[in-house]
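[1] let's see this in three dimensions:
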Amino acid sequence: MQALTNRQLQLARIPDPDGDLRKWEMFAHTINGYEVAGSFEHCAALYNDNSATTLTELRCALFFASRKDRYNYCSEGETPVAREFLRRIREKVAAGELE
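    Numbers count the residues shown, from 1 in each chain. Below is the predicted model of the structure:
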C-alpha cells in the first residue's frame, strides 16, 4: 500500500480491529513512522509508553508495532496491540480529528 496522509484516510481503508487482521501491517506502512516521528527512538516511545494521542502519533505507534512484529518474527505477537491502535485510529478518522 502506498503512503497516505491523514486527510487521505477513509474508514474503508483502515482494517476493522474486530475483523481479520492478516494484512494490518500493510496499512501500518502507509506512514513512515520513524521519519514522521522524527527518530526511531521517538517512534518507539510512542509505542512503548502508550503515549500516542493524535492520529499521526497513533499511526506512528502502529507502524512501530508492525516493525517490532516483523523483527521479532511473531506471527500473532502484536495483533492485540494492533487491534487497539486500529480502533483508536478509526475513532479519530470517524470524528474528523486528522491532526
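[2] can you pull the contacts of S51?
    Taking Cβ atoms under 8 Å, 6 or more residues apart in numbering, we find S51 in contact with A45, E57. The C-beta positions use only the backbone N, C-alpha and C, and glycine is treated the same way.
[3] so how far is P80 from it?
    18 Å (Cβ to Cβ, to the nearest Å).
[4] spatially central residue for this protein, please.
    L62 (2.5 Å; Cα atoms, centre = their mean).
[5] what pLDDT is listed against the closest residue in space to that one that isn't next to it in sequence?
    Setting aside the residues directly before and after it, L62 is nearest to F85 in space (Cβ to Cβ, 6 or more residues apart in numbering), at 4.2 Å. Looking at F85, its pLDDT is 96.
[6] residues near F85, how many?
    The local packing of F85 (other Cβ atoms under 10 Å) involves 26 other residues.
[7] how far off centre is the host helix or strand of it?
    If you go by DSSP states H and E, F85 is part of helix 79-95. In this view, helix 79-95 has its centroid 8 Å away from the chain centroid, taken as Cα atoms, centre = their mean, to the nearest Å.
[8] stretch 51-63 now?
    For stretch 51-63, the distance to the chain centre is 6 Å (Cα atoms, centre = their mean).
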